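[1] What follows is a predicted structure for the sequence shown.
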Protein chains: 2
Amino acid sequence: MLKDIIENNQNYQPGLSIDCVIFGFHDNHLKVLLIKVPRSTKSSLPGGFIPIDQDIDTAAVTVLNSRTGVEGVFLRQFATFGKISRNDQHFGKNVLEYLKIEEEKGKWLTQRFVTIGYYALVDFLKIIPNPVNHDEIVEWIDHKEVPELILDHKEILDKALDTLRTELNLMPVGYNLLPEKFTIPELQKLYETILDKKLDRRNFLRKITNIGILTKLDEKKSNVAHKAPNLYSFDKEKYDEVLKNGLTQGW
Amino acid sequence: MLKDIIENNQNYQPGLSIDCVIFGFHDNHLKVLLIKVPRSTKSSLPGGFIPIDQDIDTAAVTVLNSRTGVEGVFLRQFATFGKISRNDQHFGKNVLEYLKIEEEKGKWLTQRFVTIGYYALVDFLKIIPNPVNHDEIVEWIDHKEVPELILDHKEILDKALDTLRTELNLMPVGYNLLPEKFTIPELQKLYETILDKKLDRRNFLRKITNIGILTKLDEKKSNVAHKAPNLYSFDKEKYDEVLKNGLTQGW
């Protein structure tokens, strides 16, 4: 696969790649989708090259799918990484050696690659990774147990997490990540998991209800011993409106 | 200059460029720095190519300086643009014709270029553009009177303005854009100019003072007929703190 790309590199944008940071949330766990490649002890983000006939946003979808089998995820571009030190000469040479490609032919790969980062937040139970390259393992790793990553992938992952946390101040999250009916403590736990910190219960309640995207249901959570908490659902119309216009009432 | 680059294109990152959106504010006007090139009726953002031995953030500074003479501006990366349609074949061919470069040699230029956008907001009186290419005119244009731009530069400019407006919700602005001592109405006017809308006086006062970055001075604005407004200055220490931690108290 990679060998094909390098040998037919005229079909790909030179010096440019895409890396995807796919965060998965479910039941108070935040994970990230990583790939273990047999030729390295390190893991990597799902990434790849940009077909010359594809817009970069389309190429991001192609890349994610071609490494993980994952489809139907809405990817957002968040930053582009291009330090000259990001390409480790050894890394490129090891890949060429592993693939049995001559150094001259593999120059396309060992030059400096700038990479465009895309990210998404999904329910990890709904996304079943299915590696396309059968010598690779695609797996959800708890974001606090991320192993050593190749190149600058740790920096890319950290920046994506920063972006995700900033976005919590700009747009609503939770739709598609929580059950259709949920309690405020469950929603709070989603925020706490992403932010990796405890939030004040009353402050959270006040802020989240002020946004106006929640519908209080005439139901309480069952099988809870006492003081059963109220159930809520998202008002999808208002949710989409806020998603479009932004969370902050602004100035 | 461009001819040099194309003929020595092995010194530059292939298929990748940088474009800079420099917003200038002064006295309630928002302008943008544009270049008029003699070979086109359209204007362009200051942009250029990435030396292979420079980090992209460094290259952004190099590019801005090499087109406009502008130095000492803090550039932020905001998005990368890479639609396949963004390269207009005619545009590239016209450039080659103008520069008298053979089509084969100029292939480096006529392939799809992905471009990384950087932006800044400065006081336009403090930045004196000084074109390096003597056949180009670098000028501050009112952001509401931007003429037709080359390629997708209008889309890049619009996205930068969106980013600037979003950032108003995330970090303080005004330092280096207003006189050392200013009135709240002057600060409000800065926000209104960037957002291109009227703000409620009392709401603005409440929100801006809540941030805690203003020091009320024991002075009033002079030469004002009656009801002279109070003067303020930024508490630089708190300003920098908020700049670092973000404006929103968050969750």
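    Perfect, I can see it now.
[2] buried stuff in the helix or strand bottoming out on mean pLDDT in chain A?
    Ranked by mean pLDDT, DSSP states H and E, the weakest helix or strand in chain A is helix A:89-99, scoring a mean of 78. By neighbour count on 16 or more other C-beta atoms under 10 Å in any protein chain shown, the buried set for helix A:89-99 is A:91-92, A:95-96, A:99. For the C-beta atoms, the positions are set from N, CA and C on the backbone; glycine is no exception.
[3] same question, stretch A:169-188
    Using 16+ other C-beta under 10 Å as the test for burial, stretch A:169-188 gives A:169, A:172-174, A:177-178, A:182-184, A:186-188.
[4] got it, and stretch A:131-142?
    So, applying 16+ other C-beta under 10 Å, buried residues of stretch A:131-142: A:131, A:136, A:138, A:140.
[5] and if you look at stretch A:201-215?
    So for stretch A:201-215, counting by 16+ other C-beta under 10 Å, buried means A:204, A:207-208, A:213-214.
[6] In a markdown table, list those along with pLDDT.
    Shown next, in a markdown table, are the buried residues of stretch A:201-215 (pLDDT from 0 to 100):
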| residue | pLDDT |
| --- | --- |
| A:Phe204 | 94 |
| A:Lys207 | 91 |
| A:Ile208 | 93 |
| A:Ile213 | 95 |
| A:Leu214 | 96 |
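[7] For B:Glu219, state which of those residues is nearest.
    Of all the buried residues of stretch A:201-215, A:Lys207 has the smallest distance to B:Glu219: 37.7 Å, by C-beta to C-beta.
[8] doesn't that closest one fall inside a helix?
    Yes: A:Lys207 forms part of a helix when assessed by DSSP: H, G, I helix; E, B strand; the rest coil.
[9] Was I right to think it contacts A:Thr248?
    No: judged on C-beta atoms under 8 Å, A:Lys207 makes no contact with A:Thr248 at a distance of 11.4 Å.
[10] picking that back up, can you tell me which of the buried residues of stretch A:201-215 lies nearest to A:Asp240?
    A:Ile213 (9.1 Å).
[11] Hmm, that closest one is touching A:Phe234, no?
    Yes: applying C-beta under 8 Å, one finds A:Ile213 in contact with A:Phe234, separated by 5.8 Å.
[12] Identify the contacts common to the two.
    A:Pro172 (C-beta atoms under 8 Å, 6 or more residues apart in numbering or on different chains).
[13] can I assume A:Lys198 sits in a strand?
    No: counting by three-state DSSP, A:Lys198 is not found in a strand; it is coil.
[14] Helices of the stretch 151-251 of chain A, start to end?
    Here the stretch 151-251 of chain A has its helices, by DSSP state H, counting those that start in this stretch, at A:153-167, A:184-195, A:201-211, A:236-245.
[15] Of all those, which one is nearest chain B?
    helix A:184-195 (5.4 Å; C-beta to the nearest C-beta).
[16] for the nearest residue to A:Gln188 once chain neighbours are set aside, what are its contacts?
    In space, A:Gln188 comes closest to A:Phe204 once its chain neighbours are excluded; the distance is 5.0 Å by C-beta to C-beta, 6 or more residues apart in numbering or on different chains. Each residue near A:Phe204 by C-beta under 8 Å, 6+ apart is listed here: A:184, A:188, A:191, B:251.
[17] From A:Glu192, how far off is A:Phe204?
    Computed as C-beta to C-beta, to the nearest Å, the A:Phe204 to A:Glu192 distance reads 9 Å.
[18] Let me see the ranges of the helices in the stretch 1-150 of chain A.
    A:2-7, A:56-68, A:89-99, A:107-110.
[19] re the thing from before, so which of the buried residues of helix A:89-99 is the closest to chain B?
    After measuring the buried residues of helix A:89-99 against chain B - C-beta to the nearest C-beta - the closest member comes out as A:Gly92, at 14.7 Å.
[20] I'd say that closest one and A:Gly106 touch.
    Yes: judged on C-beta under 8 Å, A:Gly92 makes contact with A:Gly106 at a distance of 7.3 Å.
[21] Could you chop chain A up by domain?
    A:2-167, A:184-245 (automatic domain parsing).
[22] With respect to burial, which of the ones you listed scores highest?
    Among those, the stretch with the highest mean neighbour count (mean count of other C-beta atoms under 10 Å in any protein chain shown) is domain A:2-167, at a mean of 18.
[23] Would you mind measuring the gap between the ends of that domain?
    Its start and end residues considered, domain A:2-167 measures 34 Å (C-alpha to C-alpha, to the nearest Å).
[24] That domain vs chain B: in contact?
    Yes: residues of domain A:2-167 contacting chain B under C-beta under 8 Å from any C-beta of the partner chain: A:13-16, A:50, A:52-57, A:59, A:77, A:79-85, A:111-112, A:114, A:116, A:166.
[25] Next: stretch A:227-242.
    No: judged by C-beta under 8 Å from any C-beta, stretch A:227-242 stays clear of chain B, getting no closer than 13.6 Å.
[26] Centre of the chain to that stretch, how far?
    Centre-to-centre, stretch A:227-242 and its host chain are 24 Å apart (C-alpha atoms, centre = their mean, to the nearest Å).
[27] Over to stretch A:82-95?
    For stretch A:82-95 - counting by C-alpha atoms, centre = their mean - the centre lies 23 Å from the chain centre.
[28] Can you list the neighbours in contact with it?
    With C-beta under 8 Å, 6+ apart, stretch A:82-95 has contacts from A:2, A:39-40, A:103, A:106, A:109-115, A:150-152, B:13, B:50, B:52-57, B:59, B:116.
[29] Please apply the same query to stretch A:169-187.
    With C-beta under 8 Å, 6+ apart, stretch A:169-187 has contacts from A:25-26, A:121-123, A:126, A:167, A:190-191, A:194, A:201, A:204-205, A:208, A:211, A:213, A:217, A:219, A:221, A:229-234, A:236, A:239, A:242-243, A:246-248, B:166, B:169-170, B:246, B:248, B:250-251.
[30] Provide a list of residues in contact with the closest residue to A:Glu219 other than its chain neighbours.
    Spatial nearest neighbour of A:Glu219, excluding adjacent residues (C-beta to C-beta, 6+ apart): A:Leu231 at 4.6 Å. A:Leu231 is in contact with A:181-183, A:217, A:219-221, counting by C-beta under 8 Å, 6+ apart.
[31] Longest strand of chain A, counting residues only.
    Taking DSSP state E as the criterion, chain A has its longest strand at strand A:12-26.
[32] What is the most widely separated pair among the buried residues of helix A:89-99?
    Farthest-apart pair in the buried residues of helix A:89-99 is A:Phe91 and A:Leu99; separation 12.7 Å (C-beta to C-beta).
[33] and the gap between the residue lying farthest from the centre of chain A and A:Tyr232?
    Distance from the C-alpha centroid of chain A peaks at A:His226, with 37.8 Å (C-alpha atoms, centre = their mean). Using C-beta to C-beta, we find A:His226 at a distance of 20 Å from A:Tyr232.
[34] With A:Lys207 instead?
    Distance from A:Lys207 to A:Tyr232, by C-beta to C-beta: 14 Å.
[35] Okay, now the unreliable bits of chain A?
    Scanning chain A for pLDDT under 70 picks out A:88-89, A:223-225, A:249.
[36] try 90
    A:1-10, A:27, A:37-41, A:85-112, A:128, A:130-135, A:166-170, A:219-229, A:243-251 (pLDDT under 90).
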